[in-house]
Structures are given as structure tokens and as C-alpha cells.
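Participant: my questions are about this predicted structure, shown below with the sequence.
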Amino acid sequence: MKILKHIFPIAVLTLTGLFAACSPEDEQELPTYSPAIFSDDFEWHTKGENPQNTWGTTAVKGTKKWTFATFRNNSYLYFSAFDNPKEAENDTWVTSNELDIDKANLKRLTFTSTQGFVTDTLNNKLELYVLHNITESNADTVKLHFRKPQLNVPNFTWVNSGIVNLSQFKGKIKIAFRATGSGTDGRYDGTYEVDNIKVF
């Protein structure tokens with residue numbers, strides 16, 4: 001009888017598990033997988049590779065541009081007003097290649113970003129834009145909102161952007177990040193980094 005006392009609870013548990021496996025929740029439809037039409041984690045830079053024409057960078061004020069950097073085997077887009085040459089005013093953009101947003105199932109964008117020693121997000125800021133209606137000489141720009149790096153946390157803490165909706169755009173677009181700062185004013189000489197960019 002001692003053996004039966006142990007077998008009976010096990011049998012009940014087994015039957016309960018079988019019925020639980022057929023619960024209505026298991027019949028719910030899973031979300032459709034949406035492959036990325038564009039993805040860059042910059043690990044090609046970690047490996048010492050250099051794809052041609054991946055990103056373009058332009059300095060609107062000053063001469064300092066976005067660049068690629070690597071720390072602890074992780075690579076990313078990098079801008080720092082503190083680095084030499086120290087200029088009174090920096091306004092610099094980095095822009096992706098053209099993407100056909102119509103090929104994306106969801107038309108969404110995600111990325112991660114971080115800040116270092118930023119104390120003023122008005123003059124030392126990071127912004128996200130989409131360029132569309134692109135011609136050889138011009139493009140319309142739309143500023144988009146995203147979850148930005150926090151100031152009251154340890155420097156260089158990565159933050160997820162959240163899901164950025166791109167459904168208002170059609171055809172060819174470009175993703176652009178803008179950073180501003182000052183290398184001669186200690187209030188505005190912080191650093192920004194961007195990584196893990198995906199459009200899907």
C-alpha cells in the first residue's frame with residue numbers, strides 16, 4: 001500500500017498536466033515574425049572590416065563628425081564634443097544608406113543609445129530623424145521621438161529606444177542621428193553612442 005500511495009498522486013499529476021497542455025492559451029496565434037530590412041550592430045568595425053558607404057556623416061557647425069568606436073569588443077556610432085579638436089560649437093549628423101521602407105512588414109525602428117557626462121540636453125543633445133522624399137539635392141526631414149539616455153544614472157548605460165513608428169513613410173528613406181555640443185564649454189561637452197539599429 002505504501003507504493004500505491006506514492007503512485008496515485010503521481011498519476012493524478014500526470015493527467016492534470018495532460019489537460020493543462022490543451023488549455024485555450026496554447027491555441028492562441030503567435031505573433032508573425034518580421035525580419036529586419038536593415039540591421040547594424042557595428043561588429044564589422046570590431047573585426048576591423050569597413051563596408052563601403054554604410055553611413056555618411058556631415059558637420060553642420062564645427063568640423064567634428066560622428067565616427068565608429070570600439071570598447072570591450074563592442075562597436076558603435078560615437079560622437080564626443082570633448083574630444084580634440086575642441087570647438088566652440090558642434091552640430092553633426094550621421095545618416096544611413098537609403099532603405100526601402102515599403103519592404104518592412106511593420107515599419108518600425110529600434111536601437112540603443114547611451115550618454116557620457118551629458119548635463120544639458122538642450123545644447124548637448126541627441127536627436128533622431130528620418131529623411132524622405134529624397135532627391136539628388138534635397139530631402140524632407142522629420143524629427144522622431146524615442147526613449148533617450150538618462151542623465152541621473154551611471155555614464156554609458158545603454159537604453160533601448162522603444163519602438164519608433166515609421167508607418168507614415170513610403171518608399172526610400174534614410175535614418176539619421178544628430179548630435180550637438182561644445183568642446184570649449186564644460187556644460188555641453190558630453191558624449192553620445194548609438195548601437196544595435198534595426199528596421200523591420
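Facilitator: Everything's here; your move.
Participant: dihedrals phi and psi, residue 108?
Facilitator: phi -130, psi 150 (degrees, to the nearest 10).
Participant: nearest spatial neighbour of it, skipping sequence neighbours?
Facilitator: residue 163 (5.2 Å; CB to CB, 6 or more residues apart in numbering). From N, CA and C alone the C-beta is placed, and that goes for glycine too.
Participant: show me the contacts for that neighbour.
Facilitator: 108, 109, 110 (CB atoms under 8 Å, 6 or more residues apart in numbering).
Participant: what is the neighbour count of the last one?
Facilitator: Translated: residue 110. Neighbours of residue 110 under the rule other CB atoms under 10 Å: 17.
Participant: could you dump the contacts of residue 163 into JSON lines with pLDDT and distance to residue 153 added?
Facilitator: Below are those laid out as JSON lines (pLDDT from 0 to 100; distance: CB to CB, whole Å):
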{"residue": "108", "pLDDT": "98", "distance to residue 153": "26"}
{"residue": "109", "pLDDT": "98", "distance to residue 153": "23"}
{"residue": "110", "pLDDT": "98", "distance to residue 153": "20"}
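Participant: could the residues you listed be laid out in CSV, adding distance to residue 190?
Facilitator: Listed next are these as CSV, based on distance: CB to CB, whole Å:
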residue, distance to residue 190
108, 28
109, 24
110, 23
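Participant: what element comes up after the lowest-mean-pLDDT helix or strand in the chain heading to the C-terminus?
Facilitator: Least confident helix or strand of the chain, by mean pLDDT, DSSP states H and E, is helix 2-20 with a mean of 39. Heading C-terminal from helix 2-20, the first helix or strand you meet, by DSSP states H and E, is strand 38-40.
Participant: which residues in the protein form helices?
Facilitator: Secondary structure of the chain by DSSP state H: the helices cover 2-20, 43-46.
Participant: what number of residues lie near the residue nearest to residue 157 when sequence neighbours are not counted?
Facilitator: The shortest distance from residue 157 to any non-neighbouring residue, by CB to CB, 6+ apart, is to residue 114 (6.0 Å). Residue 114 has 22 neighbouring residues, counting by other CB under 10 Å.
Participant: do you know how far residue 114 is from residue 98?
Facilitator: 27 Å (CB to CB, to the nearest Å).
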